[in-house]
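Participant: below: sequence and its predicted model.
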Amino acid sequence: MHEMRNIVITGGTKGLGYVYATHLSKIPEYRIIITGRSKTPPAEIEPLLGPAFHYRCLDVANEQEIIPFFLNIKQDFGHPDVLLNNAGVWGPVGKFNTNAIDEWVDALTINLSGVVRCAHAAINIMEPDRHSVIINMVSNAGAYRWPTCSSYSVSKAAVIKFTENIAIELKKNNISVYSFHPGLVHSTGMVIDLFSHPPEEQGATRNAMEWIIKEKERGNTVSVEAGIPNIEKLCSGKYDCLSGLYMTEADDLDTMCSDIRKIRKQDLYQLRINK
């Protein structure tokens, strides 16, 4: 009989986190703990609750909640084996100098500080004898330029670089850390949030929406399910050779493992200034 692996997914009540959580909960040896800001489980979550699926309240923007949350997870379920840092927001859309600076910084608090604080708390209670995993959800916006979405882009770039750094530090702790981009998902999550209140006037937000629509027409967007196979592989704890790398739903992780010497030698799948 397999020992249960505890998987904590922040922001798991909707969007990508919800889809990944419901899929992973079907794997017999996985126990899923999802988080949301509501004190009680949202109505759509209640039918899923059971021995393999749990809900806990956590606001990743509230630093006072994070350490007690992870200590309670350890007390209730044992050591966390996987942390999927999924909670995130778009932040303000528009030219930086026209953004409300408080909104810009608030997005970093969720997208960057929330990831950093959750990772810090989880690492300190992860079991060294088990192969633990941290998956930081990132975006193409962090690897390339996304003008008028600067807060989102900068926060995701910082998370990618954060992943690279701590992956090296945690090698001897038997903890693997990955950056994962699920692709430009058109069917759920923050894209749907963006579309839920479309602006009537032309502007940065409407331009972003129209760009996503064009990308979908060109076949450059993906369904939310596209990332499931790679998420499942990374959660397994069997892809430690890829720790520190930036991966997407389109990457063949097994091929990457076969090519890992070349990847490491050429600094592939990482943020670099090429000259």
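Facilitator: Noted; the coordinates are in hand. Nothing here was measured: the structure is a model prediction, and the numbers come from that model. Numbers count the residues shown, from 1 in each chain.
Participant: quick one: the strands in the stretch 151-275 of the chain?
Facilitator: 175-181, 246-248 (DSSP state E, counting those that start in this stretch).
Participant: check the stretch 1-150 of the chain too.
Facilitator: Under DSSP E, counting those that start in this stretch, the stretch 1-150 of the chain gives strands at 5-9, 30-36, 53-57, 82-85, 132-137.
Participant: so for the fourth one, mean pLDDT?
Facilitator: In other words, strand 82-85. Averaged over strand 82-85, pLDDT sits at 98.
Participant: other SSEs contacting it?
Facilitator: Here strand 82-85 touches strand 5-9, helix 114-123, strand 132-137, helix 228-235, going by 3 or more Cβ pairs under 8 Å, 6 or more residues apart in numbering; DSSP states H and E. For every residue, glycine as well, the C-beta is placed using N, CA and C.
Participant: before we move on, the earlier item: could you look over the strands of the stretch 151-275 of the chain and pick the most buried one?
Facilitator: strand 175-181 (a mean of 25; mean count of other Cβ atoms under 10 Å).
Participant: quick one: the helices in this protein?
Facilitator: 15-24, 63-77, 101-108, 114-123, 140-143, 150-169, 190-196, 204-217, 228-235, 253-258, 260-265 (DSSP state H).
Participant: of the ones you listed, which is nearest Ile45?
Facilitator: Closest approach to Ile45 among these is made by helix 15-24 (8.2 Å; Cβ to Cβ).
Participant: what comes into contact with the closest one?
Facilitator: 7, 9-12, 30, 32, 34, 48, 53, 84, 86-87, 137, 182, 185, 188-190, 192, 224-225, 227-228, 231-232, 235 (Cβ atoms under 8 Å, 6 or more residues apart in numbering).
Participant: repeat that for stretch 242-252.
Facilitator: 138, 140, 143, 160, 163-164, 167-168, 170-171, 176-183, 222, 226-227, 229-230, 234, 253, 256-257, 260, 263, 268-271.
Participant: for ChimeraX, what selects the buried ones among those?
Facilitator: Paste this into ChimeraX to select the buried members of the contacts of stretch 242-252, with burial taken from 16 or more other Cβ atoms under 10 Å:
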select :138,140,143,160,163,164,167,170,176,177,178,179,180,181,182,183,222,226,227,230,234,253,256,263,269,270
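Participant: out of the helices of the chain, which gets the lowest mean score?
Facilitator: Minimum mean pLDDT among these: helix 190-196, a mean of 56.
Participant: now stretch 156-172, how far from the centre of its chain.
Facilitator: On the basis of Cα atoms, centre = their mean, to the nearest Å, stretch 156-172 sits 14 Å off its chain's mean C-alpha point.
Participant: ok, and what's touching that stretch?
Facilitator: Under Cβ under 8 Å, 6+ apart, the answer for stretch 156-172 is 85, 108, 111-112, 115-116, 119, 123, 134, 136, 138-139, 141-143, 176-179, 243-244, 246, 270-271.
Participant: and if you look at stretch 73-81?
Facilitator: 4-8, 31, 33, 54, 56, 70, 122, 125-127, 130-133, 237.
Participant: same thing but 7 Å
Facilitator: 5-8, 31, 33, 70, 122, 125-127, 130, 132-133 (Cβ atoms under 7 Å, 6 or more residues apart in numbering).
Participant: since that was my last question, I'll sign off now.
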